[in-house]
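# sequence first, then the predicted structure:
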Amino acid sequence: MFAICGLPQVVKTYQTKRATDLSVLFLWLWLMGELLTFVYILIGDWETGIPHFPLYFNYIANIFMAIYLIYAKYTYPKKYQLH
């Protein structure tokens, strides 16, 4: 469930081409949290030799969603301004 919890926001942002209500601070903190936790898991798995593939999927999915929403936050207001 954690791997897809951001999906409704991604879909809505993609459909409406609006990201004005998204907090840029939240998006950057979310991305940094996902990246740092993913690296932590990779290091732990490398040390123990036990891979945790479901966790990889979770963090990679969330990293891509956060990157898309950050892209939308900076791009959509300029690209799709109402005149």
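All right, it came through fine.
# next, name the residue at the spatial heart of this structure.
By C-alpha atoms, centre = their mean, the chain has its centre lying nearest to Ala66, at 2.0 Å.
# could you measure Gly49 against Phe64, distance?
27 Å (C-beta to C-beta, to the nearest Å). In this view, the C-beta of every residue, glycine as well, is placed from N, C-alpha and C.
# higher neighbour count, those two?
Between Gly49 and Phe64, counting by other C-beta atoms under 10 Å, Phe64 is the more crowded of the two (13 against 6).
# what helix or strand is the more buried one on?
Phe64 is part of helix 53-79 when elements are defined by DSSP states H and E.
# report the helix or strand with the lowest average pLDDT across this protein.
helix 53-79 (a mean of 92; mean pLDDT, DSSP states H and E).
# if we can go back for a sec, for the residue nearest to the centre of the chain, what are its contacts?
Applying C-beta atoms under 8 Å, 6 or more residues apart in numbering, we find Ala66 in contact with 6, 27, 30-31, 34.
# take these and keep only those in helices.
27, 30-31, 34 (DSSP state H).
# please indicate which of the residues you listed are buried?
27, 30-31, 34 (16 or more other C-beta atoms under 10 Å).
# pick out whichever of those residues sits closest to Met1.
Glu34 (15.3 Å; C-beta to C-beta).
# I'm done for today, thanks for sticking with me.
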